[in-house]
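Colleague: Structure for the following, please:
(one chain, ligands or ions: 1)
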Amino acid sequence: MQKNAITAAAGCHQEVVSLDNVSFSYQQQNVITNLSFGVKERDFVGLIGTNGAGKTTLLRMIVGLLKPTAGSVRLFGEEVSAFKQWEKIGYVPQKNAFNPLFPATVREVVLSGLYNRNKIFRKIGKDDQRKCEDALQAMGIEDLRDKRIGQLSGGQQQRAFLARALINNPSLLILDEPTVGIDTETQESFFHMIKHMHQHHNMTFLMVSHDLDMILSYLGERPAAESGKLKFHIKHSHETQDCVENDLAHSLKGLREQMESGKEVVLIGDRN
Ligand SMILES: Nc1ncnc2c1ncn2[C@@H]1O[C@H](COP(=O)(O)OP(=O)(O)OP(=O)(O)O)[C@@H](O)[C@H]1O
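Modeller: The predicted structure is shown next:
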């Protein structure tokens, strides 16, 4: 027990995202130049910058959808091009990347989080069904499982996409402007929920947001790093928790139980 705790503590501040002298250009346009930056395990990193600063481009490079023009991007110590453990990463792209007419139910959308790049075709087993139910429950949308995703409100859709990102119980969540188009009250509940996940479930966050109030109040006024127009605000894990692992860590069931039994109300307000 003691040994496990020490082992967990030793790994607690490992870098999960490492950017080393990264540059990126679209045709002739340089978007990112010589960026070096690291996200450590259990950090919460808020990325801000003006429109067109390169935030989405950077996230897409980190999840391997774009290749850097120069430099290296590593995930959990491994070059992105060779990285295979995609189940460790939950990625919620910008909302407008989704076609609301796509004829899938909430359940299908959440289950699709299991098809990573290694397993495009996969039979859905009982274990997968259970993971899906856990993720739906953790986000409080189990009643919506058979609804078409396009019929949901903005806040409900965001919950569904978060459930999709959570189904593999990831250690790193990458969110690209998760609250765009959502009302203020729902935004506040959403941030409350992800702060809870950061503080009580030891997840690492990398989030792009235009909500300066939320970023600055949770992560501090001063950016920890800047590159061009990109600003990185960070709350390090050691500021919020020690590194000792517990049984609830990374547990969606645990998240749901804490959400229900705790004093904090952490569900997103928009459930209609
Ligand atoms: N597929 C593309 N082809 C060519 N140029 C692109 C492409 N995608 C983005 N760009 C350009 O790259 C720059 C950075 O875009 P990016 O979407 O990364 O910015 P952003 O910081 O996420 O902006 P926003 O806050 O508006 O979402 C912009 O000037 C944009 O026009």
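Colleague: Low-confidence bits of the protein, can you list those?
Modeller: The chain contains residues with pLDDT under 70 at 1-12, 96-100, 116-122, 238-272.
Colleague: Give the closest residue to the residue nearest the centre of it in space, chain neighbours not counted.
Modeller: Taking Cα atoms, centre = their mean, the centroid of the chain lies closest to residue 173, which sits 2.1 Å from it. The shortest distance from residue 173 to any non-neighbouring residue, by Cβ to Cβ, 6 or more residues apart in numbering, is to residue 90 (4.6 Å). Glycine gets a C-beta too; all of them are placed from N, C-alpha and C.
Colleague: list the contacts for the one you found?
Modeller: Counting by Cβ atoms under 8 Å, 6 or more residues apart in numbering, residue 90 makes contact with 113, 162, 164, 165, 166, 168, 170, 172, 173, 174.
Colleague: I figured the residue nearest to the centre of the chain was touching residue 201, is that so?
Modeller: No - Residue 173 is beyond contact range of residue 201, at 10.2 Å (criterion: Cβ atoms under 8 Å).
Colleague: The ligand contacts on the stretch 51-200 of the chain?
Modeller: Proximity of the stretch 51-200 of the chain to the ligand (Cβ under 6 Å from any ligand atom) is limited to residues 51, 52, 53, 54, 55, 56, 57.
Colleague: Can I have the buried ones of these as a ChimeraX selection?
Modeller: The ChimeraX selection below is limited to those of those classed as buried (16 or more other Cβ atoms under 10 Å):
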select :53,54,55,56,57
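Colleague: hmm, back to that, now intersect the contacts of residue 90 with the helices, please.
Modeller: Using DSSP state H, the subset of the contacts of residue 90 located in helices is 162, 164, 165, 166.
Colleague: got the residues you listed as a markdown table, with distance to residue 228 and neighbour count columns?
Modeller: Output for these, formatted as a markdown table (distance: Cβ to Cβ, whole Å; neighbours: other Cβ atoms under 10 Å):
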| residue | distance to residue 228 | neighbour count |
| --- | --- | --- |
| 162 | 29 | 26 |
| 164 | 31 | 25 |
| 165 | 28 | 21 |
| 166 | 32 | 26 |
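Colleague: Tell me the one among those nearest to residue 26.
Modeller: Distance to residue 26 across those (Cβ to Cβ) is lowest for residue 165, with 26.2 Å.
Colleague: The closest residue to the closest one other than its chain neighbours and the ligand, how far apart?
Modeller: Leaving aside its sequence neighbours, residue 165 sits nearest to residue 90 (Cβ to Cβ, 6+ apart; 3.1 Å). Between residue 90 and the ligand the distance is 19 Å, computed by Cβ to the nearest ligand atom, to the nearest Å.
Colleague: And for residue 113?
Modeller: The gap separating residue 113 from the ligand is 23 Å, by Cβ to the nearest ligand atom.
Colleague: Ok, residue 194 next?
Modeller: Separation of residue 194 from the ligand (Cβ to the nearest ligand atom) stands at 19 Å.
Colleague: This structure: helices as residue ranges?
Modeller: Here the chain has its helices, by DSSP H, at 2-11, 55-62, 106-111, 126-138, 154-166, 184-201, 212-219, 237-240, 252-261.
Colleague: Against which helices or strands is the longest one packed?
Modeller: The contact analysis (3 or more Cβ pairs under 8 Å, 6 or more residues apart in numbering; DSSP states H and E) places helix 184-201 against helix 154-166, strand 172-176, strand 204-208, helix 212-219, helix 252-261.
Colleague: and the first one with strand 172-176, angle?
Modeller: An angle of 150 degrees separates the directions of helix 154-166 and strand 172-176 when computed by axes from the mean of the first three to the mean of the last three Cα atoms, to 10 degrees.
Colleague: Can you list the neighbours in contact with helix 154-166?
Modeller: Residues outside helix 154-166 that contact it (Cβ under 8 Å, 6+ apart): 90-92, 95, 98, 106, 109-110, 112-113, 135-136, 138-141, 144, 149, 152, 173, 175, 178-179, 181-183, 186, 190, 252, 268-271.
Colleague: Give the PyMOL command for selecting the buried subset of those.
Modeller: The PyMOL command for the buried members of those (criterion: 16+ other Cβ under 10 Å) is given here:
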select buried, resi 90+91+92+95+98+106+109+110+113+135+136+138+139+140+141+144+149+152+173+175+178+179+182+186+190+252+268+269+270
